[in-house]
Every structure is written in structure tokens, then in C-alpha cells.
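Chemist: Here is a sequence together with a model predicted from it:
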Amino acid sequence: MKISVVVPSYCRPDDLKRCLESLNNQSRLPDEVVVVIRSTDKETGDYLADYKNPRLPIKVVSAEKPGQIYALNSGKSAASGDIICITDDDGAPFPDWIQRIEQYFISDESIGGVGGRDWVNTEGRVLNDSQEVVGIVKWFGKCIGGHHYGVGKTRDVEILKGANMSYRSVAVKSIQFDDRLLGKGAQVHNDLAFSLKVKKAGWRLIYDPEVAINHFIAPRESHEDRVIFNREAHFNAAYNETLILLEYLPGIRKTVFLLWCVLVGTSVNPGFLQLIIKLLKRDDRALERFKSTLNARYCGMAAYHKYKRLK
């Protein structure tokens, strides 16, 4: 079984160096490492041009367009492995990462994807909370992530996280990362869209906390920050999520999802109930976030119907 690792990278040669070192230290070495860089990223290009390691065959792919989605699709197309493992350049897989992934794909041909925990390293500390329920879509459409807190036994999930996900190449041969999603850089929720397409195609997705990486969170551009409220980034994320889930959820669950979005929502994407809670807590951005969410949900729904008509 041939294994490829795809690593999109942009202007972070120090992070990329740490990532490649971790891949070089794998108990089961990858058969190829596909590093996708922008043609304008001279610093990373120069680093890779000088990189020499016979244990780690590097294939450099130049992405002519901006954005993570284009980079991921370019890397996926260039990868020749039976298994395509994906991590970020700020990721550093544990030494047994590839070995564990390979064992899952060998053990069961119905498994289309494997993911695991990413131990988040940020501001000099490691986030070590625990969460047993991760990577699922509730019946009414709420997504539960939490992959970076996952504990417990191996289980089937619906969502894998982009920093730590691997796919059987035959399962994703006809599936692309969705270039309709909004965003200037990371295009938030592109991993959600990809995972759900694989799941909908009938493949099993497995989450095992022991299939782990260290994730040294690199700062995002201001318009993509997930903590500081940014109107454009917030709209893009809520729009993307709405389009993705309306295409994934069957029948009546689409309607239930939209009702839940408007009436309840989440603290990040509030509906009326969450708006009231935020106002009672004197959240001075509550109304702005609520309006942005409703606008994004409406536009995402309109896009869903538009693309449905075009099929």
C-alpha cells in the first residue's frame, strides 16, 4: 500500500521544516510527500530547492491560484498513493501517525477516511481538555467538532478535521474540495464539505484519538480569525456551513436545520434564542453577529437552490 502525505504551505518555512522533520521520524515512512506552495512564495520555494533527504521523497507542486482549496485539490491530484494523508504545515504528526492510519485502511475496505486528535499548541501551552463526542452532525444539523479534544475509543464519525485527515484514494477519486466556498485564504469548513461528501458516498469515516498530531496554531490573516469578530469572515463561515449542510442533510432535516438556525442557533452563529442570551449578558456585538448570521444563512440557502437548479 503506497501512502502519500499532502502538505499545503504558504510563507511558513519554519513551520514546514518542523512538519517535514516529524514525517522523517515516522515509524512507517511515507512513500511520497506532496508539498503545495504558491509560485510567489520564494522563501519556501528556496527552502525546498535545498532540501535533500533520501528517506523522504518530496514532490513540490506549484499552486497558481490563492486559497487552501486550490492548494488541496492540486496536492490531491498530484498524489499517487493508495492512501492520501493530509496535514497542515503547522502540524507535526506523532511518530506512529502513518503506521496507525495504514493499519485502519488495511483492516477494513469499507473505511474511506481516518482522522484523529490534533493537540493544539498555542501561546506556549497545550490545550488538554477532553470531549468524547466529536465529528458528528446532529439530526437537526448542528455540527459537533472538537477533534482537538477527542478522547475515548475509536468510533465512526461524519466529519474529519483538515489538519489531520486521511482518505482512501478510490473513495475520493471523483470528489474535490469545494471551490464554491467563500474565503480568501483557508475557506473555512472546506474539510466539513469534503468529509460529508465522502460519507454521503457510502464510506465509513473513523476517528481515533491515538492517530495524533501536534498542531502549532499559526496566526490567521485578520479576515479569517475565528476568535476576533470580523464581519466578512463570520459571513463566509456561516454561508459555507449553510450551503454544505443543505446539500448533505436529507429531506425534512433541511427544514429542521433552517428552523433551528433562525430560532436557536449557536453562540457563534446566533438565532433568536442565542441573541436574547447574548443581550442579557450585555454582549455589545450580539446584534451585529445575529444580523450577519441571518444574512449568511439566507445567502447560503439561495446558493443551495441555485446550484440545485443547475444540476
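Modeler: Noted; the coordinates are in hand. Quick caveat, the model's predicted, so the values are computed rather than measured.
Chemist: Tell me where the chain is predicted with low confidence.
Modeler: 218-227 (pLDDT under 70).
Chemist: Endpoints of stretch 144-152, how far apart?
Modeler: End-to-end distance for stretch 144-152, by Cα to Cα, to the nearest Å: 16 Å.
Chemist: What residues sit buried inside that stretch?
Modeler: For stretch 144-152, burial by neighbour count (16 or more other Cβ atoms under 10 Å) applies to 146-150. In short, each C-beta sits where N, CA and C put it, glycine included.
Chemist: Please apply the same query to stretch 38-49.
Modeler: For stretch 38-49, by 16+ other Cβ under 10 Å, it's 38, 41, 44-45, 47-48.
Chemist: Please apply the same query to stretch 91-110.
Modeler: Neighbour counts using 16+ other Cβ under 10 Å place 91-94, 97-98, 100-102, 104-105 of stretch 91-110 among the buried residues.
Chemist: Over to stretch 204-219?
Modeler: Buried residues in stretch 204-219 (16+ other Cβ under 10 Å): 204-209, 211-217.
Chemist: tell me which of the buried residues of stretch 91-110 is nearest to V268?
Modeler: Among the buried residues of stretch 91-110, G91 lies closest to V268 (Cβ to Cβ), at 23.8 Å.
Chemist: So which residues of the stretch 1-150 of the chain form helices?
Modeler: Secondary structure of the stretch 1-150 of the chain, counting by DSSP state H, counting those that start in this stretch: helices at 13-24, 42-49, 68-78, 97-107.
Chemist: Next: the stretch 151-300 of the chain.
Modeler: Under DSSP H, counting those that start in this stretch, the stretch 151-300 of the chain gives helices at 190-200, 231-248, 252-263, 272-280, 286-310.
Chemist: Show me what the first one is packed against.
Modeler: Translated: helix 190-200. Contacts defined by 3 or more Cβ pairs under 8 Å, 6 or more residues apart in numbering; DSSP states H and E place helix 190-200 against helix 68-78, strand 111-122, strand 164-168, strand 204-216, helix 231-248.
Chemist: what angle separates that helix from strand 204-216?
Modeler: 160 degrees (axes from the mean of the first three to the mean of the last three Cα atoms, to 10 degrees).
Chemist: Could you do the fourth one as well?
Modeler: Angular relation of helix 272-280 and strand 204-216 on a 0 to 180 degree scale: 20 degrees, by the same axes, to 10 degrees.
Chemist: what's next to helix 272-280, contact-wise?
Modeler: 262-267, 270, 286-287, 289-290 (Cβ atoms under 8 Å, 6 or more residues apart in numbering).
Chemist: what about 7 Å?
Modeler: Outside helix 272-280, the residues that touch it by Cβ atoms under 7 Å, 6 or more residues apart in numbering are 262-267, 270, 286, 290.
Chemist: for those, which one is nearest V137?
Modeler: Nearest to V137 among these, counting by Cβ to Cβ, is T266 at 13.4 Å.
Chemist: Can you give me the neighbour number for A303?
Modeler: 18 (other Cβ atoms under 10 Å).
Chemist: next one: D179
Modeler: When neighbours are counted by other Cβ under 10 Å, D179 comes out with 12.
Chemist: Apart from its neighbours in sequence, what residue is nearest it?
Modeler: Once flanking residues are discounted, D179 sits nearest to I69: 5.3 Å by Cβ to Cβ, 6 or more residues apart in numbering.
Chemist: circling back to that earlier point, export the contacts of helix 272-280 to CSV and tack on distance to E32 and neighbour count?
Modeler: CSV is the format used below for the contacts of helix 272-280 (distance: Cβ to Cβ, whole Å; neighbours: other Cβ atoms under 10 Å):
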residue, distance to E32, neighbour count
V262, 47, 15
L263, 49, 11
V264, 46, 15
G265, 43, 23
T266, 40, 14
S267, 42, 12
P270, 45, 25
A286, 49, 19
F290, 47, 21
